[in-house]
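Chemist: test case, fold it:
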Amino acid sequence: MSSLQKLRTPHVLKWVSLLCTGNCCSPSKSSLYVNGSYQLFRHLRFCTAGSDVGLRNNLGELAKKSRVVRREAQAALSEYFHSTRGFQITDAENLSKNAPEFFDSLVKRVDVRDAKVGRSLARFLRYHPVNEFEPFFESIGSSKVKESGEYEWLEEHMSEEDSYNWKNMLDLIFLLSEMDLSDEQLGELFRQHPDLLLECSGRITSCLFGLLLKFGSTLGDVRTAILQFPQISVVKFTNNLFNCYKFLLEINMDAQEIGRIVRSYPTVLGSCEPKKVDSLLSTLNCGKNRLCQMVKDDPCILKKWVLGVRVDRLEEPKRVLRVRMMKTQFLLSLGFVEKSKEMEKAIKVVRGKGLELQERFDSVVNIGFSREQVIQMVKVSPQILNQSKDVIETKIGFFIKELGFPVSDLLTHPKLVSYNIQRVKLRLSMYKWLKDEGLVHPKLALSTLLASSEKRFVGTYVNAHRGGPEYWNRLKKEIYSD
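Modeler: Below you'll find the predicted structure:
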């Protein structure tokens, strides 16, 4: 009866248990009647009026039965609690001897004869099981719980399948009292959220408090959070808080800002089960920096990003819209058709402002291409304009002037301009050496030489000559060291 309740969310407890100290989480089979049980139920008056219930000093009369009959009946009841209901023998004896009203009521229902008291009571209990909460509350001095309506609350929320550690529950109540919560506030709190007290005998709630304090919350902050506790279980609340913490870490929010949000918005975080970051980034079509800034500006926005809620794509900021407009105007000037697939593809691929793109375009024209030729190259491979003016001039100059490739090769395969300059120099220099040695076709297409992987290029061309690997490695060292 006094061991800890079976843990339903071990992954949460494993995380928050680091915040708990001492042996407050250790189970005990002998703590059913710990010191302070009466004080526990004294605080559990749940907003009812009247004085506290005092402990009884006598057992009362057993409806005209003798002391011998009473002892035999008590022994039979004790055996029932021990053998049938699984109580320890000391707890069973305590229930049978220290609940006279319950005992009186029970015996009156049984046809007890002097010679067969134990057998008669055992037979009755076999077919009429009793609720052990009644004698338990009476034995600790809370027999009037039922009269005040609190018994129904306890019966509704406490399960026979679970077990409770009364000391942990009492510790939690004392902790809440230290936060200046009145008996009326405590009563209303437990009436609205019984799992705060009953879930794992209050350990989840205690560890939740420790977690909030770990983030820098004051007792006043914790008090406010508990009084504003949402209508969800404390396990779910703690789970959500942890998932929101991981969410904030994944969007690269700094520790100081995370602490500020946890301290200021604990109930928001505890109420939200956020979507996965990668999924949210894809849906919103934004980066982590923008997502992080949105949460900093308004942490309540997390309520819109919970599981099961549809999320709409974000409106693009004014700066992005302005850049897109400049790209569109530039591409329209080259003959792209507005809102066509060709236009949309180019807008997504091309990077840079309108003036930058125009400068890069003009640099290709100045090398010796006509405007129409460059337009055709851009339509086939718009990413060639993502490089700076100097890089474009260096690459094309190397193709045409140093290696002697015809302009037609670039017109046919403009994507070649997008390749890394070291890759271009290394492969084309190796090809020139092999061509001079007469080992390869003298008019291989540039796309054939540059598009393949390095492993395939080495296997097909470099290893074709005995001295090929040595020359390849020497070239590679010279080019990549520049």
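
Chemist: what is the end-to-end distance of stretch 311-324?
Modeler: 24 Å (C-alpha to C-alpha, to the nearest Å).

Chemist: tell me the mean pLDDT for it?
Modeler: Model confidence over stretch 311-324, given as mean pLDDT, is 68.

Chemist: check contacts around residue 86.
Modeler: By C-beta atoms under 8 Å, 6 or more residues apart in numbering, no residues touch residue 86. Placement of C-beta: from N, CA and C, glycine included.

Chemist: local confidence estimate at it?
Modeler: In this model, residue 86 carries a pLDDT of 82.

Chemist: can you tell me which helix or strand of this protein has the lowest average pLDDT?
Modeler: helix 10-16 (a mean of 36; mean pLDDT, DSSP states H and E).

Chemist: and the gap between the residue minimising distance to the centre of the chain and residue 430?
Modeler: Nearest to the geometric centre of the chain sits residue 243, at 2.0 Å (C-alpha atoms, centre = their mean). With distances taken as C-beta to C-beta, to the nearest Å, residue 243 is found 54 Å from residue 430.

Chemist: same check, this time on residue 448
Modeler: Taking C-beta to C-beta as the measure, residue 448 falls 13 Å from residue 430.

Chemist: compare these two and say which is more crowded by neighbours.
Modeler: More crowded of residue 448 and residue 430, by other C-beta atoms under 10 Å: residue 430, with 22 against 14.

Chemist: could you list the buried residues of the host helix or strand of the more buried one?
Modeler: Element membership for residue 430, per DSSP states H and E: helix 421-436. Across helix 421-436, burial judged by 16 or more other C-beta atoms under 10 Å covers 424-431, 433-434.

Chemist: just stretch 263-273 next, same as before
Modeler: 263, 265-273.

Chemist: for residue 328, which non-adjacent residue is closest in space?
Modeler: Closest residue to residue 328 apart from its sequence neighbours, by C-beta to C-beta, 6 or more residues apart in numbering: residue 347 at 6.7 Å.

Chemist: residue 325 is in contact with that neighbour, correct?
Modeler: No - contact criterion C-beta atoms under 8 Å: residue 347 and residue 325 do not qualify, at 10.2 Å.

Chemist: out of those two, which sits in the more crowded spot?
Modeler: residue 347 (16 against 11).

Chemist: list the buried residues of the one helix or strand that one maps to.
Modeler: Following DSSP H and E, the helix or strand that holds residue 347 is helix 341-349. By 16+ other C-beta under 10 Å, the buried positions in helix 341-349 come out as 343, 346-347.

Chemist: list the contacts of it.
Modeler: Contacts for helix 341-349 (C-beta under 8 Å, 6+ apart): 324, 327-328, 331, 336-337, 378-379, 382-383, 386.

Chemist: what's the average pLDDT for it?
Modeler: For helix 341-349, the per-residue pLDDT averages 81.

Chemist: got the contact list for residue 295?
Modeler: 248, 251, 253, 261, 301-302.

Chemist: if we use 6 Å, what do you get?
Modeler: Residues counted as contacts of residue 295 (C-beta atoms under 6 Å, 6 or more residues apart in numbering): none.

Chemist: what's the offset of the host helix or strand of it from the middle of its chain?
Modeler: If you go by DSSP H and E, residue 295 is part of helix 288-297. Between the centre of helix 288-297 and the centre of its chain there are 18 Å (C-alpha atoms, centre = their mean, to the nearest Å).

Chemist: give me the buried positions along it.
Modeler: For helix 288-297, by 16+ other C-beta under 10 Å, it's 291-292, 294-296.

Chemist: likewise stretch 355-365?
Modeler: So for stretch 355-365, counting by 16+ other C-beta under 10 Å, buried means 356-358, 360-361, 363-364.

Chemist: per-residue pLDDT, residue 244?
Modeler: At residue 244, pLDDT is 92.

Chemist: ok, it to residue 253 distance?
Modeler: Residue 244 is 11 Å from residue 253, by C-beta to C-beta.

Chemist: between the two, which one's more packed in?
Modeler: Under the criterion of other C-beta under 10 Å, the comparison of residue 244 against residue 253 puts residue 244 first, with 26 against 20.

Chemist: can you pull out the helices in the stretch 251-400 of the chain?
Modeler: 255-264, 266-271, 277-284, 288-297, 318-333, 341-349, 354-367, 371-380, 389-397 (DSSP state H, counting those that start in this stretch).

Chemist: to residue 415, which of the ones you listed lies closest?
Modeler: Shortest distance between residue 415 and the helices of the stretch 251-400 of the chain, using C-beta to C-beta, is found for helix 371-380: 7.5 Å.

Chemist: relative to residue 77, how far out is residue 69?
Modeler: 12 Å.

Chemist: so these two - more neighbours on which side?
Modeler: Taking other C-beta under 10 Å, residue 69 and residue 77 do not tie; residue 77 has more neighbours (26 against 19).

Chemist: host element of the more buried one?
Modeler: Going by DSSP H and E, residue 77 is part of helix 67-79.

Chemist: cool, residue 411 as well?
Modeler: helix 407-412.

Chemist: pLDDT of that helix, averaged?
Modeler: 77.

Chemist: and the contacts of it?
Modeler: By C-beta under 6 Å, 6+ apart, helix 407-412 touches 373, 446.

Chemist: where does the stretch 301-450 of the chain dip in pLDDT?
Modeler: 314-321, 403 (pLDDT under 70).

Chemist: measure residue 337 to residue 344 for me?
Modeler: 10 Å.

Chemist: residue 329: neighbouring residues, count only.
Modeler: 12.

Chemist: now do residue 381
Modeler: Residue 381 has 17 nearby residues by other C-beta under 10 Å.

Chemist: the chain should start at 411 in everything you say after this.
Modeler: All set: I'll call the first residue 411, so the last point we hit is now residue 791.

Chemist: can I assume it is in contact with residue 825?
Modeler: Yes - under the criterion of C-beta atoms under 6 Å, residue 791 makes contact with residue 825 at 4.2 Å.

Chemist: buried ones in stretch 604-623?
Modeler: Result for stretch 604-623 [16+ other C-beta under 10 Å]: buried residues 604-622.

Chemist: and this structure, what are its domains?
Modeler: 420-460+561-637, 477-549, 644-715, 726-806, 829-892 (automatic domain parsing).

Chemist: would you mind measuring the gap between the ends of the second one?
Modeler: Criterion C-alpha to C-alpha; first-to-last residue distance in domain 477-549 is 20 Å.

Chemist: which residues are in contact with the helix or strand encompassing the residue nearest to the centre of the chain?
Modeler: Following DSSP H and E, the helix or strand that holds residue 653 is helix 644-660. Helix 644-660 has contacts (C-beta under 6 Å, 6+ apart) with 419, 422, 605-606, 609, 614-615, 618, 668, 679-680, 682-684, 687.

Chemist: just how off-centre is it within its chain?
Modeler: That offset, for helix 644-660, works out to 5 Å (C-alpha atoms, centre = their mean).
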